[in-house]
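Engineer: Mind looking at a prediction? Sequence and model below.
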Amino acid sequence: MEEVESVIEVKNLKAYIPIDPRTEINPVNDVSFSINKGEIVALVGESGSGKSVTALSIMGLNSPSIKYHKESAINFEGKNLMGMGDRNLRTIRGNDISMIFQDPMFSLNPVHKIGKQISEALILHKNVIYKKVKNEVYEILNKVGVSDPGRQMDNYPHQLSGGMRQRVMIAMALICQPSLLIADEPTTALDVTIQAQILDIMKNLQKDTDLSMLLITHDLGVVAEMADRILVMYSGKVVEEGDAYSIFKQPLHPYTEGLMSSIPTLEGESEEQLEAIPGTVPNPSELPKGCNFYGRCKYGTEKCKEQEPILEPLNGNRVSCWYPLKGRNDMSG
Ligand SMILES: Nc1ncnc2c1ncn2[C@@H]1O[C@H](COP(=O)(O)OP(=O)(O)OP(=O)(O)O)[C@@H](O)[C@H]1O
């Protein structure tokens, strides 16, 4: 069998924010996963589940108030990024690992021309002058579908539409040919037609370059379109992990089931009600004793209230639930 090569391995990532000697916030609590070469992994979950803190841990860009437990490791190309120090991380960020955000203005500097901004990472990492990389900037703008790249290179960010700015941000992230791209809600702010174009561009570039991608989104339509594998996060933990096809077909965790039943389908539109998951994600400074999802779960039992489940293999995927759907179906039969 062909050996699968992982590009990044996140191991026992635990992030905390000390508030006082007896209180801490735990936005990410013992998260482990890896991403293989050329694979798109989607990180899904409601607001506050810890997706961004996980992604920013990889980039070393979380706020300094966020600390990590010492067993946390992020192995990338043979090096542990945890505790690597900002100077060394800077040589990896933008070069080997890049990130794009929901709001391009977060990444783009309003007072610099587009061409210069895109070239910055190349100039920094290759130690060359702008003139030498102008062609590469032109090429990458062409690839992300910016028309008339020569002219656009001389424009400022505010002169472009939202969709164009998003393309420029993707160009900027990919110019150094990173092996991992982290995309945090890359199309959430765009209208649906532009969103579809941007997703197409990302997918094509990913295929052409065998790029690995961590795609953070709460939009399951985007996940269905893009992802090979899905990690479902709830309250700082991965509660289900598996290949995208099987998770959409048969979610194992009640939370994943809830997320899936809140997607509209054409067939069900007239008769079926969309189900919202009642309640909210627990406060990360007051996590319950047992399963974090207990208070919102329609299948919860006393055991769930008292004992915390762990992520365990089931049907080739992993799930953290005392009564995963498969087991429940078997129990009822
Ligand atoms: N610097 C911080 N100080 C205090 N709390 C924080 C900090 N950063 C994150 N948190 C808390 O950690 C939890 C996880 O946040 P995170 O931003 O990772 O969630 P998310 O899943 O990305 O949500 P969203 O989809 O809204 O971005 C939240 O409860 C958030 O309020």
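Structural biologist: Done, it's in. Numbering: from 1, shown residues only.

Engineer: The closest residue to Thr188 other than its chain neighbours and Thr187, how far apart?
Structural biologist: The shortest distance from Thr188 to any non-neighbouring residue, by C-beta to C-beta, 6 or more residues apart in numbering, is to Gln102 (5.0 Å). All C-beta atoms are positioned from the backbone trio N, CA, C, and that covers glycine. Going from Gln102 to Thr187 by C-beta to C-beta, to the nearest Å gives 8 Å.

Engineer: Could you do Leu141 as well?
Structural biologist: Leu141 is 19 Å from Thr187, by C-beta to C-beta.

Engineer: Check the offset of stretch 45-63 from the chain's centre.
Structural biologist: Distance of stretch 45-63 from its chain centroid, counting by C-alpha atoms, centre = their mean, to the nearest Å, is 8 Å.

Engineer: buried sites along it?
Structural biologist: The neighbour-count check on stretch 45-63 (16 or more other C-beta atoms under 10 Å) flags 45-46, 48-60, 62 as buried.

Engineer: rewinding a little: between Gln102 and Thr187, which is the more surrounded one?
Structural biologist: Between Gln102 and Thr187, Thr187 has the larger neighbour count (other C-beta atoms under 10 Å), namely 25 against 16.

Engineer: list the contacts for that one?
Structural biologist: 166, 194-195, 198-199, 219, 222 (C-beta atoms under 8 Å, 6 or more residues apart in numbering).

Engineer: Which single residue of the stretch 151-300 of the chain ends up nearest the ligand?
Structural biologist: The nearest approach of the stretch 151-300 of the chain to the ligand comes at Pro284, 4.7 Å away (C-beta to the nearest ligand atom).

Engineer: need the longest helix for this structure.
Structural biologist: Scanning the chain for the helix with the most residues, using DSSP state H, yields helix 192-209.

Engineer: And for Pro64, the neighbour number?
Structural biologist: Pro64, neighbours per other C-beta under 10 Å, totals 5.

Engineer: a helix runs through it, doesn't it?
Structural biologist: No. Pro64 is assigned coil when assessed by DSSP: H, G, I helix; E, B strand; the rest coil, not a helix.

Engineer: how near is it to Ala15?
Structural biologist: Counting by C-beta to C-beta, the gap from Pro64 to Ala15 is 12 Å.

Engineer: Tell me what Val232 is bridged to.
Structural biologist: The bridge-partner assignment for Val232, based on DSSP bridges, gives Val44, Glu240.

Engineer: one step back: hmm, which two among the contacts of Thr187 are most spread apart?
Structural biologist: Distance extremes for the contacts of Thr187: the farthest pair is Gln166 and Asp219 at 14.9 Å, using C-beta to C-beta.

Engineer: the more surrounded of these two?
Structural biologist: Using other C-beta under 10 Å, the more surrounded residue of Gln166 and Asp219 is Gln166, with 28 against 17.

Engineer: before we move on, the earlier item: now do the same contact list for the residue of the stretch 151-300 of the chain closest to the ligand.
Structural biologist: Here Pro284 is in contact with 25-27, 48, 50, 235-236 (C-beta under 8 Å, 6+ apart).

Engineer: which element is it on?
Structural biologist: Counting by DSSP states H and E, no helix or strand carries Pro284.

Engineer: who in the stretch 201-333 of the chain is up against the ligand?
Structural biologist: For the stretch 201-333 of the chain, the residues in contact with the ligand (C-beta under 6 Å from any ligand atom) are 218, 284.

Engineer: Now for Asp191, how many residues are close by?
Structural biologist: Other residues close to Asp191 by other C-beta under 10 Å number 10.

Engineer: From the contacts of Pro284, which land in strands?
Structural biologist: Residues from those lying in strands, with DSSP state E as the criterion: 25-27.

Engineer: Angles on the backbone of Tyr68, please.
Structural biologist: Phi and psi for Tyr68, reported as degrees, to the nearest 10, are phi -120, psi 140.

Engineer: wait, isn't it in contact with Ser57?
Structural biologist: Yes. At 7.1 Å, Tyr68 counts as touching Ser57 under the criterion of C-beta atoms under 8 Å.

Engineer: Now list whatever residues contact both of the two.
Structural biologist: Here Tyr68 and Ser57 share the contacting residues 13, 15, scored by C-beta under 8 Å, 6+ apart.

Engineer: Doesn't Val222 belong to a helix?
Structural biologist: Yes. Assessed with three-state DSSP, Val222 lies in a helix.

Engineer: I'm done for today, thanks for sticking with me.
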